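Asker: Structure, please.
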Amino acid sequence: MSKIWIVISVIFILFLFQGCSSGWDTETIAYRGPNWTSDNKIVFVREKIIWHNWQGWAGEGSEVKRTEISLCEIDNDGNNYEQIGIIYETEGGEGYSPFNVSTSSVGDWVVVGWGRIFVIRRNGTGLVEIGDGSYPDFSPDAAQIVYEKPDEGIWIMDRDGGNDHQIISDADTRYPAWSPDRGRIAYILASNVSSINDSLCISDINGVMIEAFWLRVDDPDWGPSDSNAVSFKNGYFNDGSEGWHHIGIIHLLGGEIDTLNQFRIGDNPKWAPNGSKFIAYDANGYFVINIDGTNKWYLEP
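Answerer: Predicted coordinates for the structure are as follows:
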């Protein structure tokens, strides 16, 4: 008889456990790393995460069930959204590193990086993983890629991952950006003291320093080919007060700085090739805006 009661007790416990617990899936979608194409459209990454959630007598929780990172494209007025193709997908949380995604596009090509670097055509074909690194940026002919290798400075490699070589060895360099004339690289030299001492540096493609500006800046991006100017996230306003997330432009020939007061908030500024618009980021997400501050719209899931 005791054995029967043991069996009944086990069945009851299992029934109670299953009856008091439940599991369900949810998904979150975010858009990351938008940048301009050479024909003034916008490419970006769509990150879809499927979460498995549970709740029961022992507690509740959630975990990553699946991650999908896709390449997408949209017109610069927010029309004609298109999901081009999958760049990366994985079951569970392995490889999950979504926050620092960056893109660069020239002609038919897009490079995507977030610790791993992938090259893909804008039509979604030809996906290849070519190496490890972050913040990749194409040369104007899409033949080479400049990128940041963590703790190893700035590197350049061919589009297929070949001819990989270091051009700047300083481990405190970051955010490289290739100039429209192909001859220069802009990057940030981070101070190991504080961000106040960071510098905007310009070198040739062999890493030889051309000039440097103490600007307390981040996120450099070259302007149109005829501008000889670099945009950046600024640390000061026109009145001299401090305030990160402000967009500025430095004209390299004379060192003059335009502080764009219409952009009092803006991380990761990307300047359109035709000079008319910016992509930037604020508390509500990535947005596209005319350089005069009009027609602002958000890139939203």
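Asker: Quick check: closest non-adjacent residue to E129.
Answerer: F118 (5.2 Å; CB to CB, 6 or more residues apart in numbering). Yep, even glycine has a C-beta here, placed from its N, CA and C like the rest.
Asker: so which helix or strand takes in that neighbour?
Answerer: Element membership for F118, per DSSP states H and E: strand 115-121.
Asker: I'd like to check the angle between the next helix-or-strand element following that strand and strand 115-121, please.
Answerer: The first helix or strand that comes after strand 115-121 along the chain, using DSSP H and E, is strand 128-138. Interaxial angle, strand 128-138 versus strand 115-121 (axes from the mean of the first three to the mean of the last three CA atoms, to 10 degrees): 90 degrees.
Asker: can you give me how far strand 128-138 is from the chain middle?
Answerer: 12 Å (CA atoms, centre = their mean, to the nearest Å).
Asker: Mind listing the strands it pairs with, and their directions?
Answerer: strand 115-121 (antiparallel), strand 144-148 (antiparallel) (DSSP bridges).
Asker: and that strand, C-alpha only, in CSV?
Answerer: Provided in CSV are the C-alpha atoms of strand 128-138 (Å, rounded to 0.1, in the frame of the first residue of the first chain):
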residue,chain,number,x,y,z
VAL,A,128,31.3,36.1,-45.8
GLU,A,129,32.7,36.4,-42.4
ILE,A,130,36.2,37.9,-42.8
GLY,A,131,37.7,38.4,-39.4
ASP,A,132,37.4,39.8,-35.8
GLY,A,133,37.1,43.5,-35.1
SER,A,134,34.7,46.5,-34.6
TYR,A,135,33.7,49.7,-36.4
PRO,A,136,34.6,48.7,-39.9
ASP,A,137,34.5,51.4,-42.6
PHE,A,138,34.9,50.9,-46.4
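Asker: thought I49 was touching E63?
Answerer: No: if you go by CB atoms under 8 Å, I49 and E63 don't touch, sitting 10.5 Å apart.
Asker: okay, these two: which has more neighbours?
Answerer: Per other CB atoms under 10 Å, whichever of I49 and E63 has more neighbours is I49, with 18 against 10.
Asker: quick one: which helix or strand includes the more buried one?
Answerer: Counting by DSSP H and E, the element that carries I49 is strand 42-56.
Asker: what packs against that strand?
Answerer: strand 22-36, strand 59-74, strand 102-106 (3 or more CB pairs under 8 Å, 6 or more residues apart in numbering; DSSP states H and E).
Asker: one more time with 6 Å
Answerer: Helices and strands touching strand 42-56, by 3 or more CB pairs under 6 Å, 6 or more residues apart in numbering; DSSP states H and E, are strand 22-36, strand 59-74.
Asker: What strands flank it, and is each parallel or antiparallel?
Answerer: Applying DSSP bridges, one finds strand 42-56 paired with strand 22-36 (antiparallel), strand 59-74 (antiparallel).
Asker: Who are the contact partners of the closest residue to M209 other than its chain neighbours?
Answerer: Nearest residue to M209 in three dimensions, chain neighbours excluded: S203, at 5.2 Å (CB to CB, 6+ apart). For S203, the contact set (CB atoms under 6 Å, 6 or more residues apart in numbering) comprises I185, M209, I210.
Asker: Just those: which are in strands?
Answerer: When the contacts of S203 are checked against strands (DSSP state E), the matches are I185, M209, I210.
Asker: Please report which of the residues you listed has the highest neighbour count.
Answerer: Neighbour-wise, those (other CB under 10 Å) top out at I185, 27 neighbours.
Asker: wait, it sits on T173?
Answerer: No: using CB atoms under 6 Å, I185 makes no contact with T173, being 9.7 Å away.
Asker: and the helices and strands packed on strand 42-56 as a markdown table, adding mean pLDDT and distance to L127?
Answerer: Converted to a markdown table, those look like this (pLDDT from 0 to 100; distance: least, CB to CB, whole Å):
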| stretch | mean pLDDT | distance to L127 |
| --- | --- | --- |
| strand 22-36 | 92 | 16 |
| strand 59-74 | 91 | 9 |
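Asker: With I154 as the reference, name the closest of those strands.
Answerer: strand 22-36 (18.5 Å; CB to CB).
Asker: Give me the residues contacting stretch 132-139.
Answerer: In contact with stretch 132-139 (CB under 6 Å, 6+ apart) are residues 102, 104, 106, 111, 113, 115-117, 145-149, 175-178, 182.
Asker: got it, and stretch 64-81?
Answerer: For stretch 64-81, using CB under 6 Å, 6+ apart, the contacting residues are 40-50, 52, 82-91, 93, 96, 297.
Asker: Next, the buried residues of the strand holding F118.
Answerer: For strand 115-121, a neighbour-count test (16 or more other CB atoms under 10 Å) marks R116, I117, F118, V119, I120 as buried.
Asker: Figure out which of the strands paired with strand 42-56 is closest to A229.
Answerer: Nearest to A229 among the strands paired with strand 42-56 is strand 22-36; the distance by CB to CB comes to 15.4 Å.
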